Structures are given as structure tokens and as C-alpha cells.
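> fold the following for me, if possible:
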Amino acid sequence: MTQTHPELEAEQAYVEHAYDCLETSRVAAWRMRDMHEADLGGTFQARFERNAVDEALVKRLTELDLGNAALVFGRIDRESPDVTAPEAFHIGRLAVADEDREPVVIDWRAPVAEPFYRATGRDPMGLVRRRHFVVDGRQVLGLEDELFGDGHLGVGVDDGLASSPRANLRGYSTLIASLERGRTGTLGDIVATIQAEQDEIIRSPQAGVLVVQGGPGTGKTVVALHRAAYLLYTHRFPLEDQGVLVVGPNRVFLRYIEQVLPSLGEAGIEQVVLSDLVPDVRCSAPESEDVARVKGSDDMSRVIDRAIRDRERPIREDVTFPFRSGYVRLRAAEVERIVRGARRGQRRHNAARRHVEHEIWSALAANWHDADVSPLDVRDELRGRFDVRELLERVWPVLTPAELLHDLFGSRALLRSAGRGVLTDDEIELLYRARSPEVADVSWTVADAALLDDAREALGPKVNRAGKIDDADEIRTYGHIVVDEVQDLSPMELKMVARRSLNGSLTVVGDIAQATGPSAPRHWDDVLQYLPSRREPRVIGLSVGYRIPAQIMELANRVMRVAAPGLRAPESVRVGESDPLVVCAGTDIHRAVVREAAQLANELSGGSIAIVAADDECDDIAAALDEAGVAFGRAASGLAKGITLVPVSVVKGLELDGVIVVEPASIVASSTRGMRSLFVALTRSTRRLVVVHAQPLPASMQPTLLATS
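All right, here's what the predicted structure looks like:
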């Protein structure tokens, strides 16, 4: 790669032409939108059509606004019958044509662009040359060529004999230049540097469940997001109407990835944490690991079903109600028959309420001496009475998920009834919590979200008096779902994801070695058993580590061999600037953290830095930073510029220029899978890693060749 490439000026001119064509398209789109906005009259059909056109134009304008992202990043020259003039295609972020509708830039997702990512020396896929652009916006800084055929095996082209991960990479110099750029606090796309093993995942068929197993730094998150963009491009209809859902582990992570899909022209994809999918409640209260483990168990579905059944209760004695000039009697045996029949039906609990009411009105009418009285007559006269409403609510109450669980968890008797034979006495006691005065006062936890969702499915939506179901109460499904850090989801949370799949199409990514949740799986079968099984699932591994320097990965791997024996770590493709630094802090660890943070911020000027510590130590570290006058941010909803203090519980999935890991022994002691949490913390840095400790280090981290201070 060099700036003196003989075709650099010509390629710069071509890129300028592409931007000119893009601007022409943008101006034309604005002009068309202005024309539609000016005409507000006409029939309903005309207005509907104008709105649809306007929506499409707004989407197109969004796509055409690239911000600082590069439009063109590569070129392929394909074999042609005319051997003196191979076909050339410039590959970029989106498709651009000139005024004659001739293609100027090919969208990276188009089939013709596939060889740019997949061609190798063994299988050139018809290419004679692949060119990578080193670009900064619209400025071409350099070119890197890979030649195919006639014995040419350009840099990064697999000749089938190479054994190192570097030998199998395309555009190695361009890739390394991209990896070594400073982090901005948000994840960027890799559309210009996608490697063959990543592209295989991105372009995999939509149907079924695709599992992506990838260690730290392999790019599994960004690959999954690019796959979502690729599927929307390839299957625009019907996926655009069906919707694509991206599920992340926490809000810090969502903030971190929020720019990837918009940068690829796909801004309409819904990105959530699981609790966002539960309406009308906020799930944010803390939860102990033991309680979260019980709530995450698949057994809780049976407990919830039983809790609902316990609320479907016959009366013990006959009751009478005043009616006209006398009384009507409702016999206990008839109510028992009605409840038994409603349970046998296919209706969900709330939907069956209308059936129960109708049967009760019929039973009351049948017990009236005048045969001319109909169930509707009885209903119209009695349904406004308080004692009648009270009876109906006792026999078959209409319930929200929050009401059901609020009552269940606030009553040891209800918990014992629902959990008998399913949960142990200790587990039942863990679920009990003091009842709040009102259901609106309950502090729901993240682990409650999946239980509320399971109850929502089992109860079903409420039915109004006209017999109509509010569509907003139904659980929405999606044409494709992406789940990141899936290894940390409990069985109940996995079922919550599966419930939203329209057709069984999912991309789930994670790393078994980084499983730190209360229900951590031992292998992928533990995850797949709760996901849709219409098609045979596919498990694809990413073996190359792009982000983490080899020296840092070597230290992290020593921890991983203890945390997750038998799992293979990814191979790093680059060597960092320096070895990890281990600092023994003596008696004042907070002062040492402040000192190292200030020094690292000075060395990585303009870079992103994280101080990662056990959750319960973050407040003390924050106080020390404040006292020393060191500017920093807290990872409440995202990464701050400069230094960010990040609890180890939310650091997973993030990448930063420099990371300071504080007191590994405390991180290990913070949970039953603390060694895995430590492995996660050690694998967040792309450049510099500092470990500060006062307590003895775990045996796997004892300094050997590590730099120490």
C-alpha cells in the first residue's frame, strides 16, 4: 500500500465523480419530496399513495446522507471476453448511478460484489484484481492491490498453503490501518474490511437459526449487524414489513452499537434490551444471582401456568342474586362445570372470560322460573351489581401479567400452590417478596421481564365488550431477529426471544467462554433447545481475532484456560505496541488507579479509555477520581469521551483503546463465574492494557513475562 500508486489520482477522480452523482441523486430526491408536500388535497387513496411515496423518499434521503462515512472503499476487476479490458466495478456503501442510469458504485451487498470479500488464490471467482482503498471520507489516501492468475497471489490472498491467520486475510494493510484507528466510543461498521469467514456468515441463507460462536475481538457483533443489513437488502420484501429486531444485553451496549446500521443505510431496525419488549412496566431493580437463577429456569413456565389455573376458581357454596320480583340461584356445581369446560377449551385465560360470563348468565337464566328470560336479560340486569362483579372476578379474573406476578410473589400460599413439585422449598422462599400496596409500585427486575412476557402469552390479551382484541396487547413477531451475547440469556429469556420469531429466522451470536449469567450454558445445545427448530440450526465459528493485540490475548488466554477449559481462543492477527502492564498498588489502590488513568489518557490522547472494576467498587473509584480532579464519565447509558468508569457487569461487547482492569481478585469474587468476568474485562482493549491490584492476582495471571510496575 502506498500513496504513490500510479493510479491514485485516477481513483481519486473517480471517487469525486461518485460523490457528484450521489449529490445529484440527493438533490433529485429532495425536489421530488418538495413536489409531493406541496399537494395536500385529493382523495383518501391519493393521500395514502402520496404518504407512501413520501415515506420512501425520506428513507432514500436517509440512505444518501453518509455523514463522514466513505462512499467508495474498493474495486474489483473481473475477467472479460475482451482480455485487454477487464470489467471494473467500484464497491461501496450504497449503489450510485450517473444521469444515464449507468452504475458508478455497486452496493457491497449486491451479488456482483461478493468476490470482493470471498475471492482467494485458490478460487479467484473470476477476478484478475482486487483493489482496496485507504480512505478518509472522500479523500483516497492509498491503494492496495491483490492480483489473481498467472502466479500472482497478492497480499492476503490465500494460496491454500499458508498456516497463519494473517496469510488468509484480504487487504491486510488496509485492515490493519482500520484496526489501529482510535476508538470513538461507538462501534463502527467494517463494510470495507469484511473478511472471508465473516462474509460467509453475513451472506448465509436467511432461514433457520444461525449461531455465531466467536471469541473476543473476532467481530461477531458487527458481523451480525451487517448480516441484518444484508438480509434487508436481499429480502427487502417482505422483511421490511415483517420487521427486524436486534436484542442487546444492556443499554450501554445498545448505545455503543447504535450507529452501525444507520451507517449502512438501515435506520428502521428496532434495537432493544429484552425488558423493552414488556409494555407498561419498567424492569431495572437489582436482583440477587440466586433469585435470578430460579426466575430464569424453564420450570417457571409451569409455575406461571399453575398460578393462572389457581386463579380459575369454582365457588364453594351456592349464591343467590335479586332479580326482578325474586331471586336467581347460581349453584356451586354449575360453576365447577363452567370452570372445567373453560379450562378444556383452547382459549387463553383472558379470552375465556367472555365464555365464562356467558355460561354463568345462562345458568342463572335456567334457574329462573320464567322460561321467557334469556341469558342476555340476566346479564343486562345483573352485570352492574358489585356482588356479581366480585363473583366473576373471583371465579375467572381478567389479569394483566403484572397483576398475576404481583399477587403470586407476594403470597407464600400462592407460591407453594403453583410451585409444588416443580420448585424446592428454598426456591419458593427466594421468589417471595413483600407485597407492594399497588401493582404500579412494584420494582420489577431484569429477570422479571421474561416472566412477565411468559404470563402475557399465557393470559392472552384482554377482550373488550364487543369481543374484539386490542392488537397492541398481542406479542409482535419479526421476520428476523439478531441476539447478541446470547450465552447470557436464561431459558426463560430465550423463550421470550423465540416467541417473537415469525418464521424461525434468527442470528444469535456469543461466546461460551464469556458466559457469565446465572444460567450459563455449557455448550450451544443448551441454548438451541429453547429456540425455534423448524430448520436444522447452523453453528459457525469465527477463528481470527482482529481487535485484540497478541500480547493482551496471551494474558487473557491464560485466564480463559481456567475459566472455560477446553475452549479454543481466537488467533490474533496483529502485535500491539506494548505488553500488558501489571501494577501492584500497595495499600492505596485508588490512588494507583487515578495515577494510571491520568497517564494512560496522556499517552492515548484523544483515545477512549475504560476503568473496569467490580460493580460494588465503582463508587469508591469515582470518588477518588473526583477528588483528584480527573475528568471521567460513568457508563450509565454509553461510553463517554476520554475516560469512562465501567462496571464489569456491562463491559461485555465493548472495545476501547486503553483499559485499566482494577483488582482482578474482586472481579473473580463478584460472582460464581468471576473468572469468566475477568476474561471479559481483559479482552476489551485494542491498544493498551493496565492491571492494577492490591490483593494477590489469580494464579493464571501471576507475572512471568508481563511488564510490571
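> sec struct for residue 267, please.
State at residue 267, reduced to three classes by DSSP: H, G, I helix; E, B strand; the rest coil: coil.
> what is the burial count for it?
By the criterion of other CB atoms under 10 Å, residue 267 has 12 neighbours. Just so you know, the C-beta spots here come from the backbone N, C-alpha and C atoms, and that holds for glycine as well.
> which stretches in the stretch 401-550 of the chain count as helices?
401-409, 412-419, 425-431, 446-459, 491-499, 525-528, 550-563 (DSSP state H, counting those that start in this stretch).
> next, format the ones you listed as JSON lines and append mean neighbour count and distance to residue 666.
Shown next, in JSON lines, are the helices of the stretch 401-550 of the chain (neighbours: other CB atoms under 10 Å; distance: least, CB to CB, whole Å):
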{"stretch": "helix 401-409", "mean neighbour count": "21", "distance to residue 666": "32"}
{"stretch": "helix 412-419", "mean neighbour count": "17", "distance to residue 666": "35"}
{"stretch": "helix 425-431", "mean neighbour count": "16", "distance to residue 666": "25"}
{"stretch": "helix 446-459", "mean neighbour count": "23", "distance to residue 666": "23"}
{"stretch": "helix 491-499", "mean neighbour count": "22", "distance to residue 666": "27"}
{"stretch": "helix 525-528", "mean neighbour count": "17", "distance to residue 666": "29"}
{"stretch": "helix 550-563", "mean neighbour count": "21", "distance to residue 666": "15"}
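> can I get the ones you listed in CSV including distance to residue 366 and mean pLDDT?
What follows is the helices of the stretch 401-550 of the chain, written out as CSV (distance: least, CB to CB, whole Å; pLDDT from 0 to 100):
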stretch, distance to residue 366, mean pLDDT
helix 401-409, 32, 97
helix 412-419, 33, 97
helix 425-431, 42, 97
helix 446-459, 30, 96
helix 491-499, 41, 98
helix 525-528, 53, 96
helix 550-563, 68, 92
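> so what pairs up with the nearest residue to residue 282 once chain neighbours are set aside in the strands?
In space, and not counting its chain neighbours, residue 282 is closest to residue 444: 6.6 Å by CB to CB, 6 or more residues apart in numbering. In this structure, residue 444 bridges to residue 283 when assessed by DSSP bridges.
> about what we covered before: closest one to residue 480 among the helices of the stretch 401-550 of the chain?
Nearest of the helices of the stretch 401-550 of the chain to residue 480, taken as CB to CB: helix 491-499 at 12.0 Å.
> CA atoms only: put that closest one into CSV for me.
The C-alpha coordinates for helix 491-499 follow below in CSV (Å, rounded to 0.1, in the frame of the first residue of the first chain):
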residue,chain,number,x,y,z
PRO,A,491,-34.0,-20.4,29.3
MET,A,492,-37.0,-18.1,30.1
GLU,A,493,-35.3,-15.2,28.2
LEU,A,494,-34.5,-17.5,25.2
LYS,A,495,-38.2,-18.5,25.1
MET,A,496,-39.1,-14.8,25.2
VAL,A,497,-36.9,-14.3,22.0
ALA,A,498,-38.4,-17.4,20.3
ARG,A,499,-41.9,-16.1,21.0
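> list the helices and strands it packs on?
On a contact count with 3 or more CB pairs under 8 Å, 6 or more residues apart in numbering; DSSP states H and E, helix 491-499 meets helix 289-296, helix 299-310, helix 446-459.
> now the angle from it to helix 446-459?
Counting by axes from the mean of the first three to the mean of the last three CA atoms, to 10 degrees, helix 491-499 lies at 50 degrees to helix 446-459.
> measure residue 512 to residue 174 for me?
According to CB to CB, to the nearest Å, residue 512 and residue 174 sit 32 Å apart.
> so for stretch 118-130, what's the average pLDDT?
Throughout stretch 118-130, pLDDT has a mean value of 91.
> what residues are up against the closest residue to residue 613 other than its chain neighbours?
Closest residue to residue 613 apart from its sequence neighbours, by CB to CB, 6+ apart: residue 662 at 3.9 Å. By CB atoms under 8 Å, 6 or more residues apart in numbering, the contact list for residue 662 reads 589, 593, 611, 612, 613, 614, 617, 621, 692, 693.
> got a winner among those for most neighbours?
Greatest neighbour count in the contacts of residue 662, by other CB under 10 Å, goes to residue 613: 29 neighbours.
> list the contacts of it.
Residue 613 sits in contact with 621, 645, 647, 648, 661, 662, 663, 666, 667, where contact means CB under 8 Å, 6+ apart.
> same thing but at 7 Å, please
Residue 613 makes contact with 621, 648, 662, 663 under the criterion CB atoms under 7 Å, 6 or more residues apart in numbering.
> one more: residue 116?
Applying CB under 7 Å, 6+ apart, the residues near residue 116 are 74, 76, 91, 130.
> can you say which helix or strand has it in it?
helix 114-118 (DSSP states H and E).
> for that helix, C-alpha coordinates in CSV please.
Extracted C-alpha coordinates of helix 114-118, given in CSV (Å, rounded to 0.1, in the frame of the first residue of the first chain):
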residue,chain,number,x,y,z
GLU,A,114,-19.3,-10.9,-3.3
PRO,A,115,-15.9,-11.7,-4.9
PHE,A,116,-14.6,-8.5,-3.2
TYR,A,117,-14.9,-10.4,0.1
ARG,A,118,-14.7,-14.0,-0.9
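> assumed residue 665 was part of a helix.
Yes: counting by three-state DSSP, residue 665 falls inside a helix.
> leaving out chain neighbours, which residue sits closest to it?
In this structure, residue 665 finds its nearest non-sequential neighbour in residue 695, 4.0 Å apart by CB to CB, 6+ apart.
> equivalent analysis for residue 567, please.
residue 513 (4.7 Å).
> that neighbour and residue 222, how far apart?
The value you get for residue 513 to residue 222, if CB to CB is used, is 19 Å.
> lowest-pLDDT helix or strand in the chain?
strand 152-153 (a mean of 50; mean pLDDT, DSSP states H and E).
> distance from the next helix or strand after that one to the middle of the chain?
For strand 152-153, the succeeding helix or strand toward the C-terminus, using DSSP H and E, is helix 172-179. Relative to its chain's centre, helix 172-179 lies at 27 Å (CA atoms, centre = their mean, to the nearest Å).
> got the contact list for the next helix or strand after helix 172-179?
The helix or strand immediately downstream of helix 172-179 is helix 196-202, counting by DSSP H and E. Helix 196-202 is touched from outside by 117-118, 120, 170, 194, 212, 219, 223, 226-227, 230, 540, 542-544, with contacts defined as CB under 7 Å, 6+ apart.
> mind listing what's buried in helix 196-202?
For helix 196-202, the neighbour count (16 or more other CB atoms under 10 Å) marks 196, 197, 198, 199, 201, 202 as buried.
> which helices and strands sit right next to the longest helix along the chain?
For the chain, the longest helix by residue count, based on DSSP state H, is helix 8-38. With contacts defined as 3 or more CB pairs under 7 Å, 6 or more residues apart in numbering; DSSP states H and E, the packing partners of helix 8-38 are helix 44-64, strand 96-97, strand 103-107, strand 139-149.
> looking at these, which has the lowest confidence?
Among the helices and strands packed on helix 8-38, helix 44-64 carries the lowest mean pLDDT, at a mean of 60.
> off-centre distance for the helix or strand immediately after that helix in the chain?
Using DSSP H and E, the helix or strand that directly follows helix 44-64 along the chain is strand 72-78. Mean-position distance between strand 72-78 and its chain equals 32 Å (CA atoms, centre = their mean).
> element containing the closest residue to residue 148 other than its chain neighbours, please.
Nearest-residue entry for residue 148: residue 124, 3.9 Å, with adjacent residues in sequence omitted and distances by CB to CB, 6+ apart. Of the helices and strands defined by DSSP H and E, none includes residue 124.
> is it true that residue 124 touches residue 147?
No: if you go by CB atoms under 7 Å, residue 124 and residue 147 don't touch, sitting 9.6 Å apart.
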